[in-house]
Every structure is written in C-alpha cells, then in structure tokens.
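[1] Sequence and predicted model, in that order:
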Amino acid sequence: MNAHEDTYKPSGPVSKWFDERLPIMRMMHGQFVDFPTPRNLNYLWTFGGILVFCLVTQIVTGIILAMHYVPHAEHAFDSVQHIKRNVNYGWMIQSMHAVGASMFFIAVYIHMFRGLYYGSYKAPREVLWILGVLILLVMMATGFLGYTLPWGQMSFWGVTVITNLFSSLDEIIPGLGTAVVTWLWGGYSVTGTTLNRFFSLHYLLPFVIFGLVVLHVWALHVVGQNNPTGIEVKTKSDTVPMSPFAIMKDLFALAVFLILFSWFVFFAPDYLGHADNYIPANALVTPAHIVPEWYFLPFYAILRAIPSKLGGVIAMFSAIVVLVFIPWLDTSRVRSTKYRPIYRWFFWLFVFTCLALGYLGSRPAEGAYVLWAQIFTFYYFAHFLLVMPIVGLIETPKQMPGSITEAVLGKNAGGGGAVPEGFAAPAEKH
Ligand code: HEM
C-alpha cells in the first residue's frame, strides 16, 4: 500500500490492547483517514464513494426483498405485488432496489467516463482499470438476472431473447449453441426452473462484485489517485489527508445524489422501468418491441446493427472487452484530456456516440435506425482502435502546470516548465 506517515493513536487501553493484536483500525485509519489525496480532485472523483453506497444499498434492500419474494413461475409476479402492497414498507424497499439499479448504472457510467476523460486507465493504473471493467461485466450480469425476477412480460421475453443469443454458437460448432441454451434454461424453453437458478445467481453475484471492489480499492491505494491534471503527486503539498477533505466532499455529493435517488423512489418509481413488466409473463404473447433496461441499450443497438446473429453477439461482447486494452491503445504522453486539444473533440464525439447508440437501441431495428446504428457502432470501435492510437502520436499537448500545487495556486507556488517530469505515464515517456 501507498507509504505515508502513520498517525494512528489508539484512543484508550482497550483499543491499544486490540491494536497490538489485530491492527485493523490502524490499517483503516491509514487507508481512509490519513491517506494522501490530490488536493485538486473535482466532484467527478466522488462517484467511487457513491458507487460503494449504491452497492451496499442494493445488497441490503435485496436481502430484505428475498425474505418475501418467491422464485416460482406461478408466484413470482404476485409475490412482488405482495411486497409492494402488504409488506410493511415493502413498496419503499422494492422501489429503492429497482430504482437503485438504475442509479448504480448512472453512477458507474459517470465514473467510467471520468476515468476516460482524465486518462485514469494509463500506467500505473491498468490493473485498477481492468478490475473496473470486470466489475462492470458482473454488474451487467446481475442487472440482467435481476430483471427476470418480477416475471413480467419484459422479464420473460428479455431472458428469452438474450439467452437465445448463445444459440449463435451453432454457426461455429453445430449443436453447441443449442446445447448451451438448453443448459442455461434448464430445459427446452424459459420456465420456472430458469427463474429459480437466475434468482440463485442474482443473490450470489453482488458478493462477487463486493470482492472485486475490495481489490479495486486496494489497487487504487497502491498506486494512488489520479487527478484532473493527470500530473503525478510529487510533494506533500500536492495532497491533503483523505479525512476530512475528500470524505466531506464525498458526503456532500452523496447527499445531492440521494435527492435525485429519492425523487425517483418517492415520485416516479416506475419511470425507469417498462410498462409491459406490469403484465404477468405469458409465453404465448410476444410484446411488439422487446427492449432491455436503459443501461443496456447502447450494447443492444450494437448487437442489432450487425446483420449476422453471431457477428452481432461478437460485436456486443467486444464492445466491453475492448475496454480492457485501452491502457495500451492510448499512445498519448499526457493523461488528462484537459491538455489534449485534438483528442478532446473525439472524446465528446464518443460520448455522443454512446448516447446515440442508447437511443437507437430503444427504437425498432428497421430502416434508417439500423443504418445509424451501424455508423455509430463503427465509430464506437474506431474510437478505441484508430483514434486513441493515432491521435496520441500526432497531437502536441497544451502547456501544463509544473505540479498539482501549481495547478491550484498558480505559477508562484513552485514547479515550472512546459512539459515537466512526472506528468506522463511512465510507460509512455519518450
Ligand atoms: C461497483 C462498482 C465500483 C465501485 C464501488 C468503485 C469504487 C471506486 C472508488 C471508491 C474509487 C476511488 C474514488 C474515485 O476515484 O472516485 C475508484 C476509482 C477508480 N475506479 Fe472505480 N468503482 C467501481 C467501478 C468501476 C468501473 C466499472 C471502472 C472502469 C471500467 C472503474 C475505474 C476506476 C478508476 C480508473 C479509478 C481511479 C480513478 C482516479 O484515481 O482517477 N471503477 N473506484
């Protein structure tokens, strides 16, 4: 872990006795109170803490829901209605969990775009970033499995469409895809058996996410936080202790986030869901448009943009896997997009592309929608595979401050030089 002065003082004889046997409080103090945090972090750096809050909220509300939910094809839909109508505060717990899933994804996407903008994936934070991509994958699996549980029309048909994607493996080895789908379903169609195993996995995966988050935060505390300038911490004056400075900022941001969260929970609990999920699952009636939850829409658009089924599935999974490689695809000498005059245009084009794909994923796969989805899918991959490597090589970064302290206090605070030592990610120093 990042070495810094240990200021922990046990408050009394009991804590001293305990500290000499298991210094866990010393460790927590060192990592979450004393820990040196760059002094220039903006509010985008509060989303990591917000995400921890979201994860804990999902686990706590989920455990309470599981006390009343029945994972059976005949009872699942009714058991959710029972929770909402009869269980004390069940309406609130259910709404916190369903809205909480969307809030979790809003926060994680902001957290990721922050990382992309400020180059937080670049050396030495590659492992931290890759752990993040793994967390995203498991979060997506958890969200998908959870959406099955209310056993409404969108639950049922969403599972049917998405699990059926694996049948495209038949194009590689005949019979393989069909076998995988039958194995996933536990039968020859989506049934109560499928529902029961999805419930089991939906309960398990958040704890896997929890384990990955521990590794993610551990990796962060080994290399230290990046910051809006992308310049590494050089002296003690570049940092402030995590508590109270970063912690207070995190708590303020969390309070603002909770206002939005509460607004949805208390005033628009169904706004982020789909009306068809209030119709109990019916294997004989297919909804006119099957759409996943909003946070999957960009990936759904990529899936449907490719004319071949197997190609679509490969493109959809590649859209996430490609993120693993960006620490090496980005050839820029500087981390922060703030100092990248050319790349910043492409960054915002990429943000627009993701929003456009999200919109197109919600539209029927026909006519101009498909063509636009193909154009934006092309740019999605071109951004990582062409723009990141090429722009990094040809661009001249803007004048940078000499240090984090100088970025905050101005030139007289020390440091200097247009391209100071330490601004670059070690691997890319030229
Ligand atoms: C459950 C989900 C997640 C949790 C609880 C979580 C938690 C955290 C926390 C507490 C921090 C430090 C505070 C901050 O910088 O905001 C952090 C930093 C970071 N996270 Fe995450 N994270 C999650 C998902 C992700 C994902 C999906 C990615 C990327 C694919 C990611 C990439 C990063 C990076 C690169 C940093 C370092 C940022 C910097 O110092 O500039 N995280 N995360």
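    Thanks, I have it.
[2] what residue ranges in the stretch 1-150 of the chain score low on pLDDT?
    Scanning the stretch 1-150 of the chain for pLDDT under 70 picks out 1-3.
[3] Kindly recompute the last result at 50.
    Along the stretch 1-150 of the chain, the model assigns pLDDT under 50 to no residue.
[4] what's the distance between the residue positioned nearest the centre of the chain and residue 209?
    Nearest to the mean C-alpha position of the chain, by CA atoms, centre = their mean, lies residue 108 at 3.4 Å. In this view, residue 108 and residue 209 are 11 Å apart by CB to CB, to the nearest Å. For glycine as for every other residue, the C-beta is placed from the backbone atoms N, C-alpha and C.
[5] Quickly list what's touching both of those two.
    Shared contacts of residue 108 and residue 209 (CB atoms under 8 Å, 6 or more residues apart in numbering): 135, 139.
[6] mind listing the helices for the stretch 1-150 of the chain?
    With DSSP state H, counting those that start in this stretch, the ranges of helices along the stretch 1-150 of the chain come out as 13-21, 24-32, 47-66, 76-85, 90-117, 126-148.
[7] Output the contacting helices and strands for the first one.
    Helix 13-21 makes packing contacts with helix 24-32 when contacts are defined by 3 or more CB pairs under 8 Å, 6 or more residues apart in numbering; DSSP states H and E.
[8] Is the ligand within reach of the helix it packs on?
    No. Residues of helix 24-32 are not located near the ligand by CB under 6 Å from any ligand atom, the shortest gap being 10.0 Å.
[9] what ranges do the strands span in this structure?
    36-38, 239-241 (DSSP state E).
[10] The ligand: which of these is closest?
    Minimum separation from the ligand across the strands of the chain (CB to the nearest ligand atom) falls at strand 36-38, 8.3 Å.
[11] which residue packs closest to whichever residue of the stretch 251-400 of the chain sits closest to the ligand, ignoring adjacent ones?
    Minimum separation of the stretch 251-400 of the chain from the ligand (CB to the nearest ligand atom) falls at residue 323, amounting to 6.1 Å. Computed as CB to CB, 6 or more residues apart in numbering, the closest residue to residue 323 that is not its neighbour in sequence is residue 133, at 4.8 Å.
[12] Next one: that neighbour from the ligand, what distance?
    5 Å (CB to the nearest ligand atom, to the nearest Å).
[13] which residues does that residue contact?
    Counted by CB under 8 Å, 6+ apart, residue 133 has contacts 320, 323-324.
[14] Tell me how many other residues surround the one residue in the stretch 151-300 of the chain that gets nearest to the ligand.
    As assessed by CB to the nearest ligand atom, the ligand sits closest to residue 226 within the stretch 151-300 of the chain, at 3.2 Å. By the measure other CB atoms under 10 Å, the count of residues near residue 226 is 27.
[15] Give me the pLDDT for the residue nearest to residue 404 when sequence neighbours are not counted.
    Nearest residue to residue 404, sequence neighbours excluded (CB to CB, 6+ apart): residue 238, at 3.9 Å. Among the per-residue scores, residue 238 holds a pLDDT of 96.
[16] Verify the contact between residue 238 and residue 406 for me.
    No. With contact defined as CB atoms under 8 Å, residue 238 does not reach residue 406; the gap is 9.3 Å.
[17] Now residue 242. Nearest residue, chain neighbours left out?
    Nearest non-adjacent residue to residue 242, counting by CB to CB, 6+ apart: residue 35, 4.2 Å away.
[18] Any chance of a markdown table for the contacts of residue 133, columns neighbour count, distance to residue 116 and pLDDT?
    As requested, those are exported to a markdown table (neighbours: other CB atoms under 10 Å; distance: CB to CB, whole Å; pLDDT from 0 to 100):
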| residue | neighbour count | distance to residue 116 | pLDDT |
| --- | --- | --- | --- |
| 320 | 15 | 14 | 98 |
| 323 | 21 | 9 | 98 |
| 324 | 17 | 14 | 98 |
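[19] Take those and lay them out in TSV including distance to residue 338.
    TSV is the format used below for the contacts of residue 133 (distance: CB to CB, whole Å):
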residue	distance to residue 338
320	27
323	21
324	25
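[20] Would you mind listing the residues in contact with the residue of the stretch 51-200 of the chain found nearest the ligand?
    Scanning the stretch 51-200 of the chain for proximity to the ligand using CB to the nearest ligand atom identifies residue 132 as nearest, at 2.2 Å. Listed by CB under 8 Å, 6+ apart, the contact partners of residue 132 are 111-112, 115, 216.
[21] cool, and residue 239?
    36-39, 233, 404.
[22] most neighbours, which of those?
    Of those, with other CB under 10 Å as the count, residue 404 tops at 26 neighbours.
[23] Any figure for the gap between that one and the ligand?
    Going from residue 404 to the ligand by CB to the nearest ligand atom gives 13 Å.
[24] Would you confirm that that residue contacts residue 40?
    Yes. Counting by CB under 8 Å, residue 404 does reach residue 40; the two are 5.5 Å apart.
[25] Pull out the buried positions in the longest helix along the chain.
    The helix spanning the most residues in the chain, taking DSSP state H as the definition, is helix 192-223. Along helix 192-223, these residues count as buried under the neighbour rule (16 or more other CB atoms under 10 Å): 192, 194-195, 197-199, 202-203, 205-206, 209, 212-213, 216-217, 219-221.
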